[in-house]
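# missing the sequence, but the structure's below:
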């Protein structure tokens, strides 16, 4: 039954297994960019579901704060696809409310104060995990931007001591609700991979590969026992159709060894980029059939 396979393929890949055909999905794609795939569909939830149908995808990210989140999850589940519900982690919440620069500076100058600040956000994080479970999520995606293209923007030592123990609590909440937990982290996150694995996060979605390139990021993730969600950066889609197809074929081959869920990097904003993404998915599937 095709309706059951998308979710099963997604979970298998999140747990490091080789899925054939390869697991593919959308992450943070602007709803307006999906409009050409869903002519006449007005609501963002229905548009996302239609786009997943048109692109034959296995999973899609759904922001828990979107007013249409429950509707989108229901439509994805009904179609046998895996909703991965995105929630903010404690650091992201504190940074949004207190200011990014202020919180980042405080991790160095006032770690005790930041520790208390993050602890205050944990109840709201747990509530969002429960909401994701109620929506029928297959996994929660905990969003914490810890790195840029050049590497970490917070001290790995601070993160190991103060942040990842809290993320381990989020994982425990998710596990108790029957959900896997994934980390979204922009930039070169390799310095955090041991802590990501210790916290029980099964995968990481990266917004960029940095100087390491996809091979370096994927090798480091596999060595840590963590799956990677991504592989199709926006810059590849902006480089034209030949580059897009080449990128798709490459990730299709890489995904055959397991631990790679093929997706965008979260930077797609236009219908043209989505059209190129569709070509990349097609190339990845034709190459990565096992």
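That came through, no problem. Since this is a predicted model, take the numbers as computed values, not measurements. Numbers count the residues shown, from 1 in each chain.
# what mean pLDDT does the helix or strand where residue 125 lies get?
Per DSSP states H and E, residue 125 falls inside helix 111-135. For helix 111-135, mean pLDDT rounds to 95.
# from the contact counts, what lies against the very next helix or strand once past it?
Following helix 111-135 in sequence order, the next helix or strand is strand 139-143 (DSSP H and E). Judged by 3 or more C-beta pairs under 8 Å, 6 or more residues apart in numbering; DSSP states H and E, the packing partners of strand 139-143 are helix 2-14, strand 82-88, helix 111-135, helix 164-176, strand 180-185. Every residue, glycine included, has its C-beta placed from N, CA and C.
# go with 7 Å
Judged by 3 or more C-beta pairs under 7 Å, 6 or more residues apart in numbering; DSSP states H and E, strand 139-143 is in contact with strand 82-88, helix 164-176, strand 180-185.
# same list (those) but as CSV, adding mean neighbour count.
What follows is these, written out as CSV (neighbours: other C-beta atoms under 10 Å):
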stretch, mean neighbour count
strand 82-88, 27
helix 164-176, 19
strand 180-185, 26
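# ok, now how distant is residue 66 from residue 91?
21 Å (C-beta to C-beta, to the nearest Å).
# ok, residue 63 next?
Applying C-beta to C-beta to residue 63 and residue 91 gives a distance of 17 Å.
# more neighbours: which of those two?
residue 91 (27 against 17; other C-beta atoms under 10 Å).
# what sits against that one?
Residues counted as contacts of residue 91 (C-beta atoms under 7 Å, 6 or more residues apart in numbering) are 118, 144, 163.
# buried set for the helix holding residue 125?
Across helix 111-135, burial judged by 16 or more other C-beta atoms under 10 Å covers 114-115, 117-118, 121-122, 125-126, 128-129, 131-133, 135.
# now it against strand 180-185, angle please.
Helix 111-135 runs at 130 degrees relative to strand 180-185, counting by axes from the mean of the first three to the mean of the last three C-alpha atoms, to 10 degrees.
# by contact count, what packs against helix 111-135?
The contact analysis (3+ C-beta pairs under 7 Å, 6+ apart) places helix 111-135 against helix 69-78, strand 82-88, helix 90-98, helix 100-109, helix 164-176.
# same thing but 6 Å
Under the contact definition 3 or more C-beta pairs under 6 Å, 6 or more residues apart in numbering; DSSP states H and E, helix 111-135 sits against helix 90-98, helix 100-109, helix 164-176.
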